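Okay, sequence plus prediction incoming.
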Amino acid sequence: MVEWERRGRADGWPPNRFAGGPAAHWRRTLIWPWLDHADAARDQIKNWVIADTGPGRLMPWLPVAFGFGIVIYFTAAQEPKLWAAFALSLGFIAGAILLRKQAIALPVVLGLAAIAVGFTAASLKTYLIAHPVLHHAASGVEIAGFVEVREERERSDRIVVRALKIEGGRLDETPERVRLSVRKGTAPPVGSYVALKARLSPPLAPLRPGGYDFARDLYFQRIGASGYVLGAIKIIEPPASPGRLLHAMAAIEGLRDAIDGRIRTVIEGDEGSIASALITGKRDAISGPVNDAMYVSSLAHVLSISGYHMAVVAGVVFFIVRALLALVPGYASRKPIKKWAAFAALLAATFYLVLSGAEVATQRSYIMTAVVLIGVMVDRAALTLRTLAVAALAVLLIAPEAVVHPSFQMSFAATLALIAAYQRGLPWMIAGANTSLGVRVALWGGREVLALVLASLVAGLATTPYAAFHFHRIAPYGVVANLLAMPIVSVVVMPAGLLALVLIPFGLDGPLWRLMGEGIEWMITVALWVAHLPGAVGRIAAFDTGPLLVVTAGLVVLCLLKTPLRRCGAVLLIAGSVWAALTPQPDVLVSADAQAVAVRGSDGRLAVAQLGRDNFAVQEWLKADGDARLPNDPSLLQGMTCDNAGCIGRLGKGGLIALARGPAAFEEDCRRAVVVVSPRTAPPGCAAIVIDRSVWRTNGAVALRRIGDRWQVTVARPTESNRPWAPIAGRPEFVALPSIIHSPSAGDARPRAEDLQPGN
């Protein structure tokens, strides 16, 4: 008999079963178990947090916080005061010192200090490189100065001149450096002192609101104007010495040119251009179709010297030096030949960094490679997230502006994902290697193939959000292209190129260059084949920086955390992706000079009208809209009607959009159109929404989206914005567009049939 039957029914009930009445009974049976589960979950989450914030676990988060501080700097409307940035950093650093014994407060304050220091580093860099920026176009400008950069492109060349003399052309500022396009084959060598005439323009503003800021990019390259040369370029005797740095740059550029010339002599066409890009970093001469195919097939990373190339260079040198030293009797057992080989590989990587132009991706990969090789020399494991953190901090300290550049973002995203996958995937691969099946798979190279597939997949997924944000496209067949091409690049192309580089002084490099060219030909074939597969170009409409920041946070959480808390990163990735997909697109786009306007028709596509021939803005608009059409596509004129007075187009949501060429068009356009766009100044009292000279000179490119009877307005240069690369001084007329404008009554008029007939 059970206990409660022995004690009787009254005593056998659970204690206090009905104590407190039915309400208390339901609390105990329904609520308390949930509270117990909540307590257990809270304890589990606490343990996970402790594990993810344990000793050494927070170090990789410092560059994340540092970079976030730089991002905050670039979002400021006004240039921050340097003293305020320093005060904020010192305050948080002092707080971290005072709270160094607090287990919870210290990491929080350290993170805030890293954000403040990143903000300060960007402010300091801007202060140190401060230079004049041209505000208005000027023609017939006489320039004399030293050539610091020379770039060879497919159709023209380009030079950067440090101007010692710059006069004429009604200049409102005198830039220290200018970037000029010159005729193909006429660019003088680096270090030359030249005299020329040029037409200069201010650095290019964003072609659409939220687009890439070319002016900011040029500002941090210390370039204050761009343009093109008028007439001949004269190389003359310099009035002063160019300095040791320019002498060194000229020597390095001369070496690059000599190697580039030798490669092009042996390998012709795109194969030679790509071979030169892999060795010297000169990739501007690759033809447009091949360059596009490389991007579409996700093989473009081969063209940018980064971690892969640096690893191959260091690895090949390390292997050869160590193998040769091992052949010396007694060295392998008595001497640290592994460390000597690592030192030789470090020297080779340094030479490769200098030879290839030292771009951001190359700097990052060099720093990581150097840390790994130094780790070998001091007997420390170095392929960790700490290595990446050190590289990121070093790059951001040297070039804080790199954080907004696609090269930095894609390079670090891919490397972060690969290291995280390596650390979590390697035990699984090793565990299967001990079985008989694993041994047979390894003998046939199965693990290497699997590793290549996984690496391509991981790196491709990690860089997809940034490719979609900056280039508005993704590569669905990237894994296929990398699987077919990268083994040849790793085994044939890069080793042959490195050996050929060593053999140039002996005149024995020709056969190796040709072997390299054959491998590159295979890579081009793969790229073109993949680029022509159905659906190879995954076009993505533009989205704001908000979704990109959420996706970045998700990637960082997913890769840096080790406990199940990292699944929160997957949630952030999904949320950011959905947010990006739901981003509404503008109904009207106006170029920065009001020479072009795009109108979204009833079919959801853009129709474009232009008064000039500059297709650059239109090309960017189409890419940002996920539209495969080219600027010269005749279908872009569907829905637009143009005559000598201007153009009109019908908005899919109702109303006319007018592009007025001259004063004669304003009377009717202001009366019947919803929006009137013109490069001229509109007359006062226009009933429509007006985007004319006084508006676009202040605000730059404009995007409008119709929401019911209101218009949401976004501009590329808000009137409250005053940054060194886009100063208010360059915008003399201040006509601010409100962010919300109610639709004028003129736009409610139905368009006449003859308004939309061709030829009217």
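Arrived safely, thanks for sending.

C-alpha from now on. contacts and neighbour counts both.
Noted.

isn't Ala420 right next to Leu560, touching?
Yes. Using Cα atoms under 8 Å, Ala420 is in contact with Leu560, at 7.4 Å.

Can you check which residues contact both of these two?
Shared contacts of Ala420 and Leu560 (Cα atoms under 8 Å, 6 or more residues apart in numbering): Leu385.

Residue ranges of each domain in this structure, please.
Following automatic domain parsing, one gets these domains for the chain: 3-46, 61-128, 138-242, 258-408+481-536, 545-581, 588-756.

how far is the second one from where the chain is centred?
Okay, so that is domain 61-128. 23 Å (Cα atoms, centre = their mean, to the nearest Å).

Same check on the longest one?
Chain-centre distance of domain 258-408+481-536: 21 Å, with Cα atoms, centre = their mean.

which residues sit in contact with Asp625?
540-542, 585.

now these in CSV, with neighbour count?
Output for the contacts of Asp625, formatted as CSV (neighbours: other Cα atoms under 10 Å):
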residue, neighbour count
Ile540, 20
Ala541, 22
Ala542, 25
Gln585, 16
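
of those, closest to Ala84?
Ala542 (35.1 Å; Cα to Cα).

Doesn't the closest one lie inside a helix?
No. Applying DSSP: H, G, I helix; E, B strand; the rest coil, one finds Ala542 to be coil, outside a helix.

Which stretches in the stretch 651-760 of the chain count as strands?
Listed in chain order, the strands of the stretch 651-760 of the chain (DSSP state E, counting those that start in this stretch) span 656-660, 675-677, 689-691, 702-707, 710-715, 740-742.

so which of those gets nearest Pro534?
Using Cα to Cα, the nearest of the strands of the stretch 651-760 of the chain to Pro534 is strand 702-707, at 32.6 Å.

measure stretch 397-406 end to end?
Using Cα to Cα, to the nearest Å, the end-to-end distance of stretch 397-406 comes to 17 Å.

Quick one: mean pLDDT over it.
Stretch 397-406 shows a mean pLDDT of 90.

Would you mark the buried spots in it?
397, 400-404, 406 (16 or more other Cα atoms under 10 Å).

same deal with stretch 689-707?
For stretch 689-707, by 16+ other Cα under 10 Å, it's 689-706.

Can you give me the end-to-end span of it?
Terminal residues of stretch 689-707 are spaced 15 Å apart (Cα to Cα).

what's the offset of it from the middle of its chain?
Distance, centroid of stretch 689-707 to centroid of chain: 27 Å (Cα atoms, centre = their mean).

ok, now stretch 60-78?
15 Å.

what's the pLDDT at the closest residue to Leu561 other than its chain neighbours?
Setting aside the residues directly before and after it, Leu561 is nearest to Asp52 in space (Cα to Cα, 6 or more residues apart in numbering), at 6.0 Å. Listed pLDDT for Asp52 reads 77.

Then Lys338?
pLDDT recorded at Lys338 is 86.

Leaving out the residues flanking it, which one is nearest to it?
Arg322 (6.2 Å).

Could you report the neighbour count for the one you found?
Number of residues near Arg322 (other Cα atoms under 10 Å) recorded here: 21.

pretty sure it contacts Phe343?
No. Between Arg322 and Phe343 there is no contact under Cα under 8 Å: 10.6 Å.

right, and the helix or strand after the lengthiest strand in the chain?
Counting residues, the longest strand in the chain under DSSP state E turns out to be strand 138-152. Using DSSP states H and E, the helix or strand that directly follows strand 138-152 along the chain is strand 156-167.

Which positions within that following strand qualify as buried?
156-164, 166.

what does stretch 605-624 give?
Residues 605-611, 617-624 are the ones in stretch 605-624 that count as buried (16+ other Cα under 10 Å).

Closest one of the residues you listed to Val266?
Gln619 (36.1 Å).

these two touch, right, that closest one and Ala628?
No. Under the criterion of Cα under 8 Å, Gln619 is not in contact with Ala628, lying 9.8 Å apart.

Which strand or helix spans Gln102?
Short version, using DSSP H and E: Gln102 is in no helix or strand.

Could you list the low-confidence segments of the stretch 601-750 of the chain?
729-737, 742-750 (pLDDT under 70).

just the helices in it please.
Counting by DSSP state H, counting those that start in this stretch, the stretch 601-750 of the chain has helices at residues 616-624, 666-672, 693-699.

got it, and the stretch 51-200 of the chain?
Counting by DSSP H, counting those that start in this stretch, the helices of the stretch 51-200 of the chain are 61-75, 82-98, 105-128.

Name the residues that touch the second one?
Helix 82-98 is touched from outside by 106, 109-110, 112-113, 116-117, 119-120, 123-124, 127, with contacts defined as Cα under 8 Å, 6+ apart.
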